[in-house]
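S.K.: Compute the structure for the input listed below.
(chains A and B)
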Amino acid sequence: MSAENVKKFISFDALPGFLARAAEKNAVYVPRREGNAVVYRSFKAGDEAELGVRPTESCKHVVFPRGEELFSFAREADKEEPGKRRLVLTEASEPGAAVVFGALSCDARGFLAFDPVYNGSGTGGTAKDSYYLRRRNRTLIVVKACKNALNTCFCNWVGGGPASPQGADVLAVEAEQGLVLDILSGEGTAFTESLPAASEAQLAAAAAAVKAAEDSLPKAADVSAAPASLAALFSSAEFWNKESAHCLYCGACTYLCPTCYCFNITDESDGLTGVRLRSWDNCMSPLFTLEASGHNPRPNKADRLKNRVGHKFSYYPSLHSGRFSCCGCGRCIKSCPSSVDIRKIVLDAVKEAANV
Amino acid sequence: MSIQDELKSAITAALPDVSCVVGWGAGPEPLRAAPLFIRGEADLEGFSAGFLSVNNPALYLPSLKGSKVGVVVKGCDARSVGQLAAETLIKREEVHVIGYPCRGVIDVDKVAAKLAGACETGEVAALREDGDDVLLNTPKGEVRLAKKDITADKCGRCAFPNAGNADVFVGERCAPVVTEDGYADIADFEARGLDELKAFWEQEMSRCIRCYACRNACPLCVCRDQCVAMSREPHWLSQGDGVRDKLFFQIIHAVHLSGRCTGCGECERACPLGIPVLKLKRALSRRVEKLFGYKAGGGDTPPLLTFLVEEPTIKERDWK
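M.R.: The predicted model follows:
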């Protein structure tokens, strides 16, 4: 960072007012407590952001909505030719700018797994996903660094850390009853313009907090052999049957995952009108691979879980410069109803492949 | 011999005759166990049954049909086995049921509420049971919690803690918490009035991510890949993200379970967003119980899967 990069500070007392002013200009998404869950909601003046507890879901839906209308259609009567209907297509309205305030650092890094798939870099610039990119380019991400690790956290296995700046426009570290803000992009500079510079004491407290958070993570396991190991076990039904025995093959892991980017496209009609919808899809679902012939190449949960783990730790890295499409947030472990642990599967695979 | 050792002996005795025994073992963190598939004595090492035995192992039985399997069950799990057998979704003779007296299981969300402000449940480094309490190692020091304060709600209305249909029962049968489920939770809830209930469900379902964990955790949701929500043609359910579509599926789920749901609560527990979807099923169970005098899980054929010329509780021939 350049010498002009001055870190800013905002006290927790001043935060609601700051967010309310930001929300006058853009949609601002903050983690909010709802029942037993913490989810990202559009901030309204008077709301309280939940910055103390790790959000149940990731913020990926801000950039990659669960259901995104691509266009709407209507079959209108053709006045020139009675009995015929004209198909009228209407493009969906452009999304506005958005701010995510209080993403986890793993969540921000999650978008780095999306980017090469959708920004055309994987296809030499030929296949760009404009729907993704327009939201991605208009979304500012303020990461709230974690103070410590949860049992299910493993961001340091896959290149992250509790206060990783990767993918963030602003990195916020809790210190002295507020947040010390490290400004990492031009958009971040504009967003934090009104705020005062952090004091020496605040900077020192923030640095100590980052150190404590990093120290709270257990030593990272070495998963560098995972891509080759998983590839070697591709045909081992025994291994995958065993690893997937207790899996429910629901989509909780996928839909809570900051890096799972698969989607479905359906026409949702209501009489003569409807919308073409892009919605989240997941490789645990039978429809994900069901072919028009009726054949399903992944008929059971072992095939599906193999794909999920293999994609993240083998196929994706082989296509995208070795990067895992896993940010180590551990939500798939924490929220799995049947306690499936992707760390265990990857480590078991490395061990198993070494014995083959 | 402790209950654990007795259960391990019962499992060991069963192993030669079954392809596996489903029970519980160590989970990814101290507050959570994981379903354990025991295929040989070596797998028994991690086995444990008790306060953390939350998952309903009956869930896996339909997928294991065709060979004899063993299953270790709590009272509520046993009722799922009973219901599956009553509906001929499994063959009872293909299942070796090992029961033990259940004194309730943990609700991790309740632990989270108790620890709120101090730490998250994911920061608990160790859990130790101490009689009626549990001791948790947290970053803020040791925390003692009474089990009764962190036990699942369903356990507070449990009339069947001892697997009634077990082939082998281990330990002393314990007294049920209640003799009759009065549906007090639902009565209070439904007393709210339609507008309030509508607003409640709209708010709750707005968190739904359509992961179908509720469905896939349900031991009686046997349609699986053939579920109505998995149909492309006809496209019964939209892929829309609206509350209407999401609640529509919940109502389908609840109606398909009316007179079948044994109230094991796995749908609600599995929901990563904490949506109280069991309430819908409980509301229907209460009506079925009142209308047909039927309680799912006892082994009798559900009233909506059969036909009686005269229902014992509906005296239409006396109507004038």
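
S.K.: now the nearest residue to A:Pro227 once chain neighbours are set aside, what's its secondary structure?
M.R.: Spatial nearest neighbour of A:Pro227, excluding adjacent residues (CB to CB, 6 or more residues apart in numbering or on different chains): A:Ser314 at 4.4 Å. Glycine gets a C-beta too; all of them are placed from N, C-alpha and C. Under DSSP: H, G, I helix; E, B strand; the rest coil, A:Ser314 falls in the helix class.

S.K.: Just to check, A:Ser314 is in contact with A:Ala225?
M.R.: No. Judged on CB atoms under 8 Å, A:Ser314 makes no contact with A:Ala225 at a distance of 10.4 Å.

S.K.: the more surrounded of the two?
M.R.: When A:Ser314 and A:Ala225 are compared for neighbours, A:Ser314 comes out ahead with 23 against 16, by other CB atoms under 10 Å in any protein chain shown.

S.K.: where's the more buried one relative to B:Lys114, distance?
M.R.: Counting by CB to CB, to the nearest Å, the gap from A:Ser314 to B:Lys114 is 41 Å.

S.K.: Can you give me the domain assignment for chain B?
M.R.: Per automatic domain parsing, the structural domains of chain B span B:1-105+B:157-180, B:108-150, B:182-315.

S.K.: any idea which of the ones you listed is most buried?
M.R.: Burial of those is given as mean neighbour count (mean count of other CB atoms under 10 Å in any protein chain shown); domain B:1-105+B:157-180 ranks first at a mean of 19.

S.K.: Now stretch A:204-214: buried residues?
M.R.: A:205-206, A:209-210, A:213-214 (16 or more other CB atoms under 10 Å in any protein chain shown).

S.K.: Return the closest of those residues with respect to chain B.
M.R.: Chain B has its nearest neighbour among the buried residues of stretch A:204-214 in A:Ala213, at 11.9 Å by CB to the nearest CB.

S.K.: pLDDT at the closest one, what is it?
M.R.: Listed pLDDT for A:Ala213 reads 96.

S.K.: Isn't it up against A:Pro162?
M.R.: Yes. At 3.8 Å, A:Ala213 counts as touching A:Pro162 under the criterion of CB under 8 Å.

S.K.: Which neighbours do these two have in common?
M.R.: Contact criterion CB atoms under 8 Å, 6 or more residues apart in numbering or on different chains; residues shared by A:Ala213 and A:Pro162: A:145-149.

S.K.: Which parts of chain B are helices?
M.R.: B:3-14, B:75-86, B:108-115, B:184-190, B:194-205, B:213-216, B:243-256, B:266-270, B:278-292 (DSSP state H).

S.K.: can you check the stretch 1-150 of chain A too?
M.R.: For the stretch 1-150 of chain A, the helices defined by DSSP state H, counting those that start in this stretch cover A:15-25, A:60-63, A:105-118, A:130-137.

S.K.: right, and the domains of chain B - which one's nearest A:Arg109?
M.R.: Across these, A:Arg109 has its closest neighbour in domain B:108-150 (18.9 Å, CB to CB).

S.K.: follow-up on the earlier one: can you add mean pLDDT and distance to chain A and give the helices of chain B back as a markdown table?
M.R.: Formatted as a markdown table, the helices of chain B follow (pLDDT from 0 to 100; distance: least, CB to the nearest CB, whole Å):
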| stretch | mean pLDDT | distance to chain A |
| --- | --- | --- |
| helix B:3-14 | 97 | 16 |
| helix B:75-86 | 97 | 14 |
| helix B:108-115 | 98 | 4 |
| helix B:184-190 | 90 | 14 |
| helix B:194-205 | 95 | 7 |
| helix B:213-216 | 98 | 4 |
| helix B:243-256 | 95 | 9 |
| helix B:266-270 | 98 | 3 |
| helix B:278-292 | 94 | 12 |
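
S.K.: All set now, cheers.
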